[in-house]
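Peer 1: Predicted model, plus sequence, below.
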Amino acid sequence: QLQLVESGGGLVQPGGSLRLSCATSQFTLNYYAIGWFRQAPGKEREGVSCISHSGDSTIYADSVKGRFIISRDDAKNTGYLEMNSLEPEDTAVYYCAGDLFGDCSSLSENGYDYWGQGTQVTVSS
């Protein structure tokens, strides 16, 4: 079964930074939009950010705008989510997903073809 693999999660203090990675060795990621989603305990999964398959379009949830940066390196078949000024409210399991020829018109999780298993991010002092 094709899937993505997230890495880079962990425990960080408020105000700190983490960079998540999303990679696969099973297919060519550059044909896919890469979306990042998160699910906090007791809450529904929500969209965080998305970068289009061409890389020229990005969107962010209001809650992370100005703090998170999404990017991709197609030569490495990897997507990234740089998270800065982290807050306890950012604590969640973070998932990446791939949407074939996606243009990131929204942060809906509908239409994504492949998902990762998730990586835990905990922001706490």
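Peer 2: Nice, I can see it. Residues are numbered from 1 along each chain as shown.
Peer 1: Which of the helices or strands spans the residue most central in space within the chain?
Peer 2: With distances taken as C-alpha atoms, centre = their mean, Trp36 lies nearest the centre of the chain, 2.5 Å away. Using DSSP states H and E, the element containing Trp36 is strand 32-39.
Peer 1: For the chain, give me the ranges with low pLDDT.
Peer 2: Within the chain, the ranges that satisfy pLDDT under 70 run 1-2.
Peer 1: what ranges do the helices span in it?
Peer 2: For the chain, helices defined by DSSP state H do not occur.
Peer 1: that older thread, the residue nearest to the centre of the chain contacts Ile70, doesn't it?
Peer 2: Yes: judged on C-beta atoms under 8 Å, Trp36 makes contact with Ile70 at a distance of 6.6 Å. Just so you know, the C-beta spots here come from the backbone N, C-alpha and C atoms, and that holds for glycine as well.
Peer 1: Can you check which residues contact both of those two?
Peer 2: Residues touching both Trp36 and Ile70 (C-beta atoms under 8 Å, 6 or more residues apart in numbering) are 49-50, 79, 81.
Peer 1: out of the residues you listed, which is most surrounded?
Peer 2: Highest neighbour count within these, by other C-beta atoms under 10 Å: Gly79, with 31 neighbours.
Peer 1: Return the residues in contact with it.
Peer 2: Taking C-beta under 8 Å, 6+ apart, we find Gly79 in contact with 21-23, 29, 34, 36, 51, 70-73, 96.
Peer 1: separation between the residue lying closest to it once chain neighbours are set aside and Glu87?
Peer 2: Once flanking residues are discounted, Gly79 sits nearest to Ile34: 3.8 Å by C-beta to C-beta, 6 or more residues apart in numbering. For Ile34, the distance to Glu87 (C-beta to C-beta, to the nearest Å) stands at 23 Å.
Peer 1: Relative to the whole chain's centre, how far out is stretch 55-72?
Peer 2: Using C-alpha atoms, centre = their mean, to the nearest Å, the mean C-alpha position of stretch 55-72 is found 9 Å from that of the whole chain.
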